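no letters, just coordinates:
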């Protein structure tokens, strides 16, 4: 499958407040779909729950065809969430601000979790089919296509115009950084024993932080389930569940999902008996994560690192999420069970000054 050749756009951070929906640009009946949009676009599968950004004004349709009715026009730069991983006729089923429909992949691109320089030799994984090009722009020829899940090795530490110089198999070239997750970097801490309760795949990370981030990835695409924490080993597939209404009076269907604190407890495996992802457990709330305990400590926000959490609590409500990377006072790449409408997702957000940084002991 080939990937369409489109020029890149800048990534813009989006902020969340507590478990409330992110503020997205308003759609308007005055908007029309852009006819000539540039960007790498999407053609292959991408994990349900992934967050994408529109590269132009984009029709959200009632079905996977250009003949299907237009539900609304999603404005350029808006954030949308993938509902179904496999495209149909080039159309992806997505959610925009609570409305679900189908949009053409040429107008969508990942927000990306790799930003800035990384050590040469780092291993990256493609989040969707992506072009490997002869140079650092979309005007250069396509050498080959790195498929979803394909692993590449970083040859140069700093990106050029948003493109990394990478090696895929025997081919070297340039590929858009937006389409990759970091798997590992040279010189990571020595492996320790993997978690009990499940058998990880042969290529699973074995450092404590690496294991935690893999568990966070497993949660992506599951539904929000108030007061619970149960996630299907290997990802949600077609069993991620669904949530409707306004929590705590929301309704949930299915056997898997979790809320923000149930998710963090699973990622961190706290307490130690909470190791198996597929066993429902909800041992803590944001009130617990708001102060140090025998399992975790409040740390300086300036010292935050991957797999730490950020927790907010005020007036009986709150939110907690897993930090992956980015500026802790600015654009943060996070994993979280966001709310009933948003589900369990990964992507960029911001966090207000009331959020505390929390580290699991042993990380």
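Nice, thanks for sending it over. The structure displayed is predicted, hence computed values, not measured ones.

what packs against the worst-scoring helix or strand of the chain on mean pLDDT?
Each helix and strand of the chain was given a mean pLDDT (mean pLDDT, DSSP states H and E); the minimum falls on strand 180-184 at a mean of 79. Packed against strand 180-184 by the contact rule (3 or more C-beta pairs under 8 Å, 6 or more residues apart in numbering; DSSP states H and E) you find strand 123-126. Every C-beta, even on glycine, is put in place using the N, C-alpha and C of the backbone.

so which elements touch the next helix or strand after the strand it packs on?
Downstream of strand 123-126, the first helix or strand assigned by DSSP states H and E is strand 130-133. When contacts are defined as 3+ C-beta pairs under 8 Å, 6+ apart, strand 130-133 packs onto strand 142-146, strand 163-168, strand 171-176.

need the contact partners of stretch 311-322.
For stretch 311-322, the external contacting residues (C-beta atoms under 8 Å, 6 or more residues apart in numbering) are 16, 18-19, 212-213, 216, 260-261, 263-264, 267, 285-287, 289-290, 307-310, 334-336, 349, 351-352, 354-356, 358.

buried sites along it?
Residues 311-313, 318-322 are the ones in stretch 311-322 that count as buried (16 or more other C-beta atoms under 10 Å).

do the same with stretch 319-337
Using 16+ other C-beta under 10 Å as the test for burial, stretch 319-337 gives 319-326, 328, 331-337.

from the residues you listed, which ones fall inside strands?
319-326, 332-337 (DSSP state E).

related to what we said a few turns ago, nearest to residue 53 among the buried residues of stretch 311-322?
residue 321 (19.5 Å; C-beta to C-beta).

distance check, residue 307 against residue 65.
Distance, residue 307 to residue 65, by C-beta to C-beta, to the nearest Å: 42 Å.

higher neighbour count, those two?
Shown here are residue 307 and residue 65; by other C-beta atoms under 10 Å, residue 307 has more neighbours (23 against 14).

residue contacts, the more buried one?
Counted by C-beta under 8 Å, 6+ apart, residue 307 has contacts 208-209, 212-213, 216, 267-268, 322-324, 360, 363.

quick one: buried ones out of the residues you listed?
Buried, going by 16+ other C-beta under 10 Å: 208-209, 212-213, 216, 267-268, 322-324, 360, out of these.

out of these, which sit inside helices?
Of those, the ones assigned to helices by DSSP state H are 208-209, 212-213, 216, 267-268.

what ranges do the helices span in the stretch 201-350 of the chain?
208-219, 260-268, 286-289 (DSSP state H, counting those that start in this stretch).

and the last one, how far from the chain's centre?
If I follow you right, that is helix 286-289. Chain-centre distance of helix 286-289: 23 Å, with C-alpha atoms, centre = their mean, to the nearest Å.

try stretch 224-231
That offset, for stretch 224-231, works out to 18 Å (C-alpha atoms, centre = their mean).

quick check: mean pLDDT of it?
Taken as a whole, stretch 224-231 has a mean pLDDT of 95.

residues touching it, excluding its own?
218-219, 222, 241, 243, 247-248, 250, 252, 255-259, 261-263, 265-266, 274, 277-282, 337-344.

since we're on residue 137, how many residues are nearby?
Counted with other C-beta under 10 Å, residue 137 comes out at 15.

any weak-confidence spans in this protein?
The chain contains residues with pLDDT under 70 at 1-39, 112-117, 185, 187-206.

any idea which of the helices of the stretch 201-350 of the chain is most buried?
Highest mean neighbour count among those (mean count of other C-beta atoms under 10 Å): helix 260-268, with a mean of 28.

between that helix and helix 208-219, how many degrees?
130 degrees (axes from the mean of the first three to the mean of the last three C-alpha atoms, to 10 degrees).

got the domain ranges for the chain?
Per automatic domain parsing, the structural domains of the chain span 1-111, 123-184, 208-360.

so how far does the longest one reach from one end to the other?
Terminal residues of domain 208-360 are spaced 10 Å apart (C-alpha to C-alpha, to the nearest Å).

roughly how far is it from the heart of the chain?
13 Å.
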